[in-house]
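>>> Below are the sequence and a predicted model; questions follow.
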Amino acid sequence: MTKESFTGLPKIKHVRAYTVRGGGADYHDQGEGHWIDDHIATPMSRYPEYRQSRQSFGINVLGTLVVELEAEDGTIGFAVTTGGEPACFIVEKHLSRFLIGRSPAEYEKIWDQMYFSSQYYGRKGLVVNAISGVDLAIWDLLGKLRGEPVYHMLGGAVRDELQFYATGARPDLAKEMGFIGGKLPLHHGPAEGLEGLQKNIEQLADMRARCGDDFWLMLDCWMSLDLDYATRLAHRAYNECGLKWIEEALSPDDYWGYAALKKNAPKGLLVTTGEHEATRWGFRMLMDMDCCDIIQPDVGWCGGVTELIKIANYADSRGVMMVPHGSSVYSYHFVITRHNSPFAEFLMMHPGPTEVVPMFAPQLLGEPVPVNGKIRASELDKPGFGVELNREIALHRPYPND
Ligand SMILES: C[C@H](O)[C@H](O)[C@@H](O)[C@@H](O)C(=O)O
Ligand SMILES: [Mg+2]
């Protein structure tokens, strides 16, 4: 039988970038009274006026970026991430020139051109969020054209199911829901002194008493601490409350501080970071300087799937665990294919949180949620990332290019 010569996939014909408000990929963009905006310690906590609410200093100023790629045959791939209107500008006015007329199978060359053409003003943050959104949409389109789930294209599942820890204010409820652990936000930073440190420990001790000794408890410090405070907190939280890991204690730029924290942390406590780091080069710095035990890239912020492959493989070669920051299906399809990603994060987006709701609700139709703290690999068996854009939401296209 003669093998038909491969004529290639339909080319990308349209690139559209939308912004939308109200939760979803910009999951900090929530209404009043949500646990995720309740006196959580941040680098801005040194200013009392910005201590109660992260929205007060603008954590939700961007909103969600929706990237939509339409191929010549009408097939659509899309993805959502954090980026809002400025990211729409970058996608439509800059990155689209590397996409129109190109095959989605050329994701390596497209990534290289998007990154190096914007390196003079990008490299991390918003620009790499935009690149990540485009890259995720390319992988979604590729899967929809090939009729394959992204995890199949990444080499297939290495286990039958994903297991999750839950991030939110109620690890005690997360335990009842079947999660393997609970990650609490830290509420008090150095500006609130030893009194604040004592409150942090009391809150953690209360949760330890509710959850028992074997349930994983972690603290998410969201870049809010200095090295001295982080070291004190690490020792007290580990010795008094059996903390499993201390997350993102310092500024993402303080590689030296992380190396010192990891060196001085109590043996047995894990130091983790990376959700605000980007690209293979940023994560190489974290690993080469021995900054942490677990890297936590967000696939919607670090460069997308094409870059996360490079980051994860370097981590694997160094025996470093890679547990992505909660990014819904975009991380599930990756984690299920990697031995050095033994579990995943589930961000509890219910305001309490007293129940499990889809992480990026209301933006993704068909978004899977953990049941008893797990998602079976077979639930991912739909083309691309297996979700569709909810077109009932108020999509706004600020910089239409065509
Ligand atoms: C709960 C934390 O304060 C952040 O809001 C969270 O998004 C992030 O740091 C995480 O690891 O989930
Ligand atoms: Mg975090």
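All right, it came through fine. Ligands and ions are numbered 1, 2, ... in the order given.

>>> Now do whichever residue of the chain sits closest to ligand 2, the pLDDT please.
Closest residue of the chain to ligand 2, C-beta to the ion: residue 220 (4.3 Å). For the C-beta atoms, the positions are set from N, CA and C on the backbone; glycine is no exception. Note on residue 220: pLDDT of 99.

>>> beta partners for the closest residue to it other than its chain neighbours?
Leaving out its chain neighbours, the residue that sits closest to residue 220 by C-beta to C-beta, 6 or more residues apart in numbering is residue 247, at 4.5 Å. Using DSSP bridges, the bridge partners assigned to residue 247 are residue 220, residue 272.

>>> Residue numbers of the stretch 201-350 of the chain in contact with ligand 2?
220, 247-248, 275 (C-beta under 5 Å from the ion).

>>> what do you get if the cut-off is 8 Å, keeping everything else the same?
Applying C-beta under 8 Å from the ion, we find that the stretch 201-350 of the chain lies next to ligand 2 at 220, 222, 247-248, 275, 296, 325.

>>> As TSV, those with neighbour count and distance to ligand 1 would be great.
What follows is those, written out as TSV (neighbours: other C-beta atoms under 10 Å; distance: C-beta to the nearest ligand atom, whole Å):
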residue	neighbour count	distance to ligand 1
220	23	4
222	21	4
247	26	6
248	26	6
275	22	6
296	26	7
325	25	5
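
>>> how about the residues you listed in CSV, adding distance to residue 163?
As requested, these are exported to CSV (distance: C-beta to C-beta, whole Å):
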residue, distance to residue 163
220, 19
222, 24
247, 18
248, 22
275, 20
296, 16
325, 17
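
>>> what ranges do the helices span in the chain?
Applying DSSP state H to the chain gives helices spanning 84-89, 107-117, 125-146, 150-153, 171-176, 193-211, 227-241, 255-264, 279-288, 305-317, 328-335.

>>> okay, residue 2: pLDDT?
60.

>>> Then residue 17?
We have a pLDDT of 99 for residue 17.

>>> got the contact list for residue 104?
Going by C-beta atoms under 8 Å, 6 or more residues apart in numbering, residue 104 touches 9, 12, 69, 71, 77, 138-139, 141-142, 145.

>>> Closest to ligand 1 out of the residues you listed?
The closest of those to ligand 1 turns out to be residue 139 (C-beta to the nearest ligand atom; 22.4 Å).

>>> Give me the neighbour count for that closest one.
Neighbourhood size, residue 139 [other C-beta atoms under 10 Å]: 25.

>>> before we move on, what about the one 5 residues further on?
Residue 144 is surrounded by 22 other residues when neighbours are defined as other C-beta under 10 Å.

>>> Surely it and residue 78 touch.
No: using C-beta atoms under 8 Å, residue 144 is not in contact with residue 78; the gap is 9.5 Å.

>>> Skipping adjacent residues, who's closest to residue 377 in space?
residue 157 (4.1 Å).

>>> Residue 337 is in contact with the one you found, correct?
Yes: judged on C-beta under 8 Å, residue 157 makes contact with residue 337 at a distance of 6.3 Å.

>>> anything in contact with each of those two?
Common contacts of residue 157 and residue 337 (C-beta under 8 Å, 6+ apart): residue 151.

>>> okay, the helices of the chain, which one's buried deepest?
Highest mean neighbour count of these: helix 328-335, a mean of 28 (counted as mean count of other C-beta atoms under 10 Å).

>>> ok so, going back, tell me which of the residues of the stretch 201-350 of the chain next to ligand 2 is nearest to residue 357?
The closest of these to residue 357 turns out to be residue 325 (C-beta to C-beta; 18.3 Å).

>>> Next, count neighbours for the nearest residue to residue 168 once chain neighbours are set aside.
Of all residues not flanking residue 168 in the chain, residue 348 sits nearest, at 3.3 Å (C-beta to C-beta, 6+ apart). A count of nearby residues for residue 348, using other C-beta under 10 Å, gives 27.

>>> which residues touch the residue nearest to residue 377?
Neighbour list for residue 157: 151, 336-337, 377 [criterion: C-beta under 8 Å, 6+ apart].

>>> Now rank the residues you listed by neighbours and give me the top one.
residue 336 (26 neighbours).

>>> thought it was touching residue 380?
Yes: applying C-beta under 8 Å as the test, residue 336 and residue 380 come out as touching, 6.7 Å apart.

>>> just how off-centre is stretch 252-271 within its chain?
Stretch 252-271 sits 21 Å away from the centroid of its parent chain (C-alpha atoms, centre = their mean, to the nearest Å).

>>> is it possible to export the contacts of residue 157 to JSON lines including pLDDT?
Putting the contacts of residue 157 into JSON lines (pLDDT from 0 to 100) gives the following:
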{"residue": "151", "pLDDT": "98"}
{"residue": "336", "pLDDT": "98"}
{"residue": "337", "pLDDT": "98"}
{"residue": "377", "pLDDT": "98"}
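
>>> Mind picking the two most distant members of the residues you listed?
337 and 377 (9.4 Å).

>>> list the residues that contact both of those two?
If you check residue 337 and residue 377 against C-beta under 8 Å, 6+ apart, the residues they both contact are 151, 157.

>>> Give me the nearest residue to residue 345, chain neighbours excluded.
Counting by C-beta to C-beta, 6+ apart, residue 345 lies nearest to residue 326, which is 4.1 Å off, once chain neighbours are set aside.

>>> Please read the previous query as pertaining to residue 135.
In this structure, residue 135 finds its nearest non-sequential neighbour in residue 304, 2.7 Å apart by C-beta to C-beta, 6+ apart.
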